[in-house]
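okay, here's the prediction I keep looking at, along with the sequence it came from:
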Amino acid sequence: MPIDPIWIPHSILSKPCQRPERGSSPAFSGFVAHLLSRNGVAVITAAISPYREIRDQNRVLIGDFVEVYAKCSIEELTRRDVKGLYEKALRGEIQNFTGVSDPYEEPLNPQVVVDTEKETMEESLAKILAYLEQEGHVQTAGARV
């Protein structure tokens, strides 16, 4: 079951996330993933989770936790950003922006690293699926990538 953390600030928090609340979305996603996974549901979350502490808490809470680090430079993120938010943040128009005026703490030991500047989407997906298959989380034999 996929969990999209973009729903969380709108559904639970009364305002957009600022620094103190920024960890609440990934923490809540982790809690929901824990509830589902302990009942046999495979869960994938796609979250900007800037703080190691929250990721470490989720790793302990969930137990069978796989961290995939989608690596990308600020320059490339800015180039890809169709909304122009990175440019605004770099000009100081948006405060507390992850990776610009607020830190992004890179994972120290992710199970999988996909370099989105060097790999195609298909190569990154293949890398993730290979790890999940190797660890017995999925069976991909014959799957199309």
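Alright, I've got the coordinates. Just so we're clear, the structure is a prediction, and the values are computed from it rather than from any experiment.

roughly how far apart are the residue nearest the centre of the chain and Val32?
Centroid check for the chain by C-alpha atoms, centre = their mean gives Ala47 as the closest residue, at 3.2 Å. Ala47 sits 11 Å away from Val32, going by C-beta to C-beta, to the nearest Å. C-beta coordinates here come from the backbone N, C-alpha and C atoms, glycine included.

mind checking how far the residue nearest to the centre of the chain is from Tyr86?
18 Å.

list the contacts of Gly99.
By C-beta atoms under 8 Å, 6 or more residues apart in numbering, the contact list for Gly99 reads Pro50, Ile74, Leu77.

which of these lies closest to Ala27?
Each of those was checked against Ala27 using C-beta to C-beta; the closest is Pro50, at 11.9 Å.

just the strands in the chain please.
For the chain, strands defined by DSSP state E occupy the ranges 2-3, 44-45, 68-71, 112-115.

residues of stretch 94-104 that come out buried?
Within stretch 94-104, the residues scored as buried using 16 or more other C-beta atoms under 10 Å are Phe97, Thr98, Gly99, Val100.

and of those residues, the nearest to Gln57?
Looking across the buried residues of stretch 94-104 and measuring by C-beta to C-beta, the closest to Gln57 is Thr98, at 17.9 Å.

so how far is Glu119 from the closest residue to that closest one other than its chain neighbours?
Excluding the flanking residues, the one nearest Thr98 by C-beta to C-beta, 6 or more residues apart in numbering is Pro50, at 4.8 Å. According to C-beta to C-beta, Pro50 stands 22 Å off from Glu119.

and Thr98, by the same measure?
Counting by C-beta to C-beta - Thr98 and Glu119 are separated by 22 Å.

what do you get for Lys127?
Taking C-beta to C-beta, one finds Lys127 at 7 Å from Glu119.

could you do Asp81 as well?
19 Å.

who's more crowded, the two?
More crowded of Asp81 and Glu119, by other C-beta atoms under 10 Å: Glu119, with 16 against 13.

ok, the more buried one - contacts?
Per C-beta under 8 Å, 6+ apart, neighbours of Glu119: Lys127.

and Tyr60, how many neighbours does it have?
Wrong residue type there; residue 60 is Val, not Tyr. Using other C-beta under 10 Å, Val60 has 10 other residues around it.
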